[in-house]
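Asks: here's a sequence, model it:
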Amino acid sequence: MMDSVNLAALTENAARLGMRIQETLHEHTRDLSIARGGASLFDMPDDKNIGRQLEFGSDRERLEAMKRLIALTSRGRNMSNYFPQVVKNVASQDLEIRKLVYIYLLRYAEHEPDLALLSINTFQKDLTDPSPLIRAMALRVLSGIKVPMIGHIVVLAIKKCAADLSPHVRKAAALAIPKAYRLDSSQQPTLITIIQSLLQDHSALSIGSAVVAFESVCPTRLDLLHQQYRRLCRMLVDVDEWGQVNLLNLLLRYARTMLPKPTTAPNVGSEAEEFDKDLQLLQSSAEPLFQSRNPAVVLAVVRVFYYTGSPSSFCKVVNPLLRIQLNSKETESVVLPYISAVAREYPHLFSPHYAHFLICTNDPRQVKRDKIKILLKLCTTENHQALLREFIDYADDPDDLVAGDAIHAVGQCAQRVPTCARQCISALLAMIKNTITSNAIVVLKLLVQNQLHESPLERGSRSQDPLKIITQLAHRIDDIKHPRARACVIWLTGQYCPSEGGGTVIDGIADWAPDVLRKAAKSFIVEDSIVKMQILTLAAKLFVLCPTDHTLELLCRYVFSLGKYDLNYEVRDRTRMLTSLLSGVLPSIDGPQPESSIGEGVVLRREQVKKVLFEGKAGTANNTTLSGHDHLIGTLSLVIGKDMHSDSFLPEWLEAGIDPALRDNKDTSTPPAPRSISSLSVSRPAGTTGITPVVLTPTNSTPTQNARETWRDLDSFYASDSEQSESESTSDEHGHEGGKENEDSDSDEDDGDEDGEESGSKSEEEVERWNLSQEADSLIHEHRQEVYNTGARTV
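Replies: You can find the predicted model right below:
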């Protein structure tokens with residue numbers, strides 16, 4: 001019986017102990033589940049108890065609720081309905097909860113500005129918090145409340161934080177200035193004063209943000225940078241990456257506006273370059289940033305060198321651009337327009353590196369097109385064979401735009417390097433046999449025109465007659481379906497159909513020309529408008545060459561009758577113009593005319609009409625250029641290839657510039673690197689300049705100068721001072737004992753001399769110690785003042 005009672009008691013106690021252990025483990029592992037974050041926060045099914053935890057829960061439950069709230073917000077869910085409960089926790093003593101509350105308020109303060117106003121007093125109180133992170137986040141939230149009535153409060157908070165000792169808080173103040181300006185633009189004078197003080201900051205952490213504030217509030221007030229220009233140039237390498245981009249653009253704009261334009265004068269095979277010292281300072285300070293890992297910084301430096309450097313310094317931009325081109329596909333799509341812009345003016349810089357721009361199969365369309373443009377600009381007599389083979393291969397690309405650019409590049413190679421024209425024409429004729437006809441014919445038309453405008457001697461040296469090429473195109477008119485290509489072939493047929501030896505079918509016209517008109521007239525109704533206008537022009541040219549042929553006359557009347565009633569007004573206008581032009585050759589070309597209208601207007605003779613039709617064009621227009629637009633480097637228009645209204649402009653150079661003395665400012669120079677007090681000990685306090693130093697040469701002690709050279713910080717200085725006082729007291733005791741031992745053996749006169757020397761040495765030691773203490777106090781005061789000015793922390 002007793003055994004069963006004991007067993008039941010043990011079982012009950014074990015169950016209670018297990019429950020307590022389970023509760024303890026659950027309590028202690030709760031923090032671990034919260035800290036795990038990630039998937040555990042997202043996997044919670046509902047958010048019904050978040051509001052209750054925020055109002056009535058403990059600090060741990062509130063922290064968990066805030067983490068779940070931020071996690072759900074990051075997933076795109078609208079959690080603004082918890083704004084009142086979150087605002088109540090803005091004054092929480094838990095630092096983690098306050099951070100999360102600030103993040104939430106930054107997200108939803110714009111949606112609930114009235115409730116956010118209730119916590120303004122708390123934000124103002126947090127501006128004096130010991131933690132720089134809390135001060136910065138309080139200012140960030142305060143400036144994010146977009147209520148115009150608190151504009152002056154935000155400006156006062158910015159002004160207070162701009163003088164904060166922490167550079168992180170000063171950076172937050174600089175970033176809050178554009179928000180305050182958008183909130184209340186009447187505060188611009190006050191904000192400009194704050195920006196001016198932030199630009200004088202010696203901390204590189206806040207300079208980039210100060211530049212952003214300057215560009216947002218007062219971008220034209222470049223006079224504020226006069227005394228800060230040289231210091232900002234020297235601080236470039238220490239600023240954060242995106243701050244470097246903004247600062248480089250600002251310094252470039254200042255240099256183009258305030259500094260004299262650099263001059264280059266040709267001088268017997270060399271160039272004598274004259275550069276302003278401040279412009280050289282900008283380039284020398286920006287050059288180390290070519291090694292930056294951020295492609296945006298490298299591109300900003302390229303922009304500075306391109307618009308401020310000399311042609312001899314442009315070679316420095318080649319390797320950095322080629323390096324960042326290989327970072328990623330996204331970076332390559334931005335870097336290639338920069339390379340194209342530089343290669344347009346200075347192709348010799350990238351010509352040896354043309355292999356970097358060969359097209360890969362997985363390149364995007366725009367990257368392929370940009371590479372073709374760059375390769376075309378780099379085409380020279382040395383590498384044209386390799387590039388021509390590449391262009392011919394790119395013509396088989398499945399993308400029609402890329403293939404069209406490659407075909408146009410083949411035609412451009414023939415113009416840049418005339419010796420390869422025969423090879424280019426053969427390649428284009430081979431493309432016509434395949435499905436690639438439109439762009440090939442357009443380019444071939446231009447090449448044929450250029451060859452026909454050459455002298456007979458040069459044309460005779462060609463192995464392939466241009467007229468034979470036109471004959472081949474005319475016979476294949478039925479195979480050419482693209483409207484633009486058909487229009488080119490019909491135009492070539494009409495322009496070069498006159499036959500000097502006389503045709504076998506129609507006198508003075510090549511045999512293949514009337515057949516082209518016959519085939520085109522059959523499909524006139526279904527042709528495109530651009531093709532219809534060329535068919536009308538071909539009919540007029542053939543008729544003016546042989547107006548006596550009855551068959552040709554009937555064919556021309558048929559074509560003109562179709563054009564007279566066409567639905568396109570341009571086709572009708574072209575028909576009316578050509579029939580009026582031919583009225584002197586055949587008055588009834590447009591049907592019977594009334595007798596009252598005969599003789600009205602100007603009637604041209606056949607020779608005059610022939611001159612108008614065949615020699616009306618002044619020359620051939622090059623429509624196959626791939627040069628692109630002349631957009632500024634560093635603008636969005638350069639990257640996307642379209643004009644953007646938001647692009648920043650680049651000011652023109654000043655011929656003389658402003659007075660360089662305006663940029664002299666010794667007070668705002670960059671402070672030297674922190675050094676030990678011993679290295680600064682050469683300076684004397686103001687009150688001790690007139691004291692003659694006393695040189696002591698003790699026999700049993702180390703010189704004072706050697707001891708002073710071992711100081712590295714304030715602790716070492718105080719330690720050495722205490723050791724020196726202890727050593728001096730010890731030496732005094734030894735000296736006193738030695739005086740007692742020798743008192744009986746020495747005479748009274750010697751005793752008097754020793755007493756005089758001892759008193760003299762003590763007075764000299766007191767003077768030296770007083771000098772050292774005054775010097776130390778002065779150095780400590782200067783060090784503290786420097787720490788206060790720079791906002792750094794003392795050791």
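
Asks: can you get me a residue count around Pro311?
Replies: The number of residues packed near Pro311 is 12, by other C-beta atoms under 10 Å. Backbone N, C-alpha and C define where each C-beta goes, glycine included.

Asks: could you do Ile469 as well?
Replies: 21.

Asks: so which strand or helix has it?
Replies: Taking DSSP states H and E as the definition, one finds Ile469 inside helix 466-475.

Asks: what ranges do the helices span in the stretch 501-650 of the chain?
Replies: For the stretch 501-650 of the chain, helices defined by DSSP state H, counting those that start in this stretch occupy the ranges 512-522, 529-545, 550-564, 569-581, 606-615, 636-640.

Asks: helices and strands around the helix holding Ile469, which ones?
Replies: Helix 466-475 makes packing contacts with helix 421-432, helix 438-452, helix 483-495, helix 512-522 when contacts are defined by 3 or more C-beta pairs under 8 Å, 6 or more residues apart in numbering; DSSP states H and E.

Asks: quick revisit: Serialize the helices of the stretch 501-650 of the chain to JSON lines and add fields for mean pLDDT and distance to Leu326.
Replies: Below are the helices of the stretch 501-650 of the chain laid out as JSON lines (pLDDT from 0 to 100; distance: least, C-beta to C-beta, whole Å):
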{"stretch": "helix 512-522", "mean pLDDT": "90", "distance to Leu326": "52"}
{"stretch": "helix 529-545", "mean pLDDT": "92", "distance to Leu326": "44"}
{"stretch": "helix 550-564", "mean pLDDT": "90", "distance to Leu326": "57"}
{"stretch": "helix 569-581", "mean pLDDT": "91", "distance to Leu326": "50"}
{"stretch": "helix 606-615", "mean pLDDT": "84", "distance to Leu326": "54"}
{"stretch": "helix 636-640", "mean pLDDT": "87", "distance to Leu326": "18"}
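
Asks: return the member of the helices and strands packed on helix 466-475 having the minimum mean pLDDT.
Replies: For those, mean pLDDT drops lowest on helix 438-452, to a mean of 80.

Asks: can you tell me what sits against that helix?
Replies: Outside of helix 438-452, the residues within contact range by C-beta atoms under 8 Å, 6 or more residues apart in numbering are 395, 403-404, 407-408, 410-411, 414-415, 421, 424-425, 428-429, 431-432, 459, 462, 466-467, 469-470, 473, 480, 482, 484-485, 488-489, 491-492, 496, 620, 622-624.

Asks: what comes up buried for that helix?
Replies: Neighbour-count burial for helix 438-452, counted by 16 or more other C-beta atoms under 10 Å, picks out 438-452.

Asks: likewise stretch 506-522?
Replies: Buried-residue list, stretch 506-522, by 16+ other C-beta under 10 Å: 506, 509-510, 512-514, 516-517, 520-521.

Asks: which residues touch that stretch?
Replies: Residues contacting stretch 506-522 (C-beta under 8 Å, 6+ apart): 471, 474-475, 477-478, 489-490, 493-494, 496-499, 502-505, 527, 531, 535, 538-539, 542, 545-546, 549, 552, 555, 558-559, 562.

Asks: next one: stretch 348-364
Replies: With contacts defined as C-beta under 8 Å, 6+ apart, stretch 348-364 is touched by 314-315, 317-318, 322, 325, 329, 333, 336, 339, 342-343, 368, 371-372, 374-375, 378, 380, 382-383, 386-387, 390, 394.

Asks: endpoints of that stretch, how far apart?
Replies: 27 Å (C-alpha to C-alpha, to the nearest Å).

Asks: now it: buried residues?
Replies: Within stretch 348-364, the residues that count as buried by 16+ other C-beta under 10 Å are 349-350, 354, 357, 359, 363.

Asks: what residue lies at the spatial centre of the chain?
Replies: Note on the chain: the residue nearest the mean C-alpha position is Ala296, at 4.6 Å, using C-alpha atoms, centre = their mean.

Asks: do I have it right that that one meets Val245?
Replies: Yes. Counting by C-beta atoms under 8 Å, Ala296 does reach Val245; the two are 5.1 Å apart.

Asks: buried subset of the contacts of stretch 348-364?
Replies: Using 16+ other C-beta under 10 Å, the buried members of these are 314, 317-318, 325, 333, 336, 339, 342-343, 368, 371-372, 374-375, 378, 383, 387, 390, 394.

Asks: which ones among the residues you listed map onto strands?
Replies: With strands taken from DSSP state E, there is no overlap with the buried ones among the contacts of stretch 348-364.

Asks: for this structure, give me the ranges with low pLDDT.
Replies: 1-5, 22-48, 265-272, 433-437, 453-464, 500-505, 588-601, 616-629, 646, 666-795 (pLDDT under 70).

Asks: ranges for the strands of it?
Replies: Counting by DSSP E, the strands of the chain are 263-267, 270-274.

Asks: reformat the helices of the stretch 501-650 of the chain as CSV; add distance to Ser284.
Replies: Compiled in CSV, the helices of the stretch 501-650 of the chain are given as follows (distance: least, C-beta to C-beta, whole Å):
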stretch, distance to Ser284
helix 512-522, 67
helix 529-545, 57
helix 550-564, 69
helix 569-581, 61
helix 606-615, 60
helix 636-640, 26
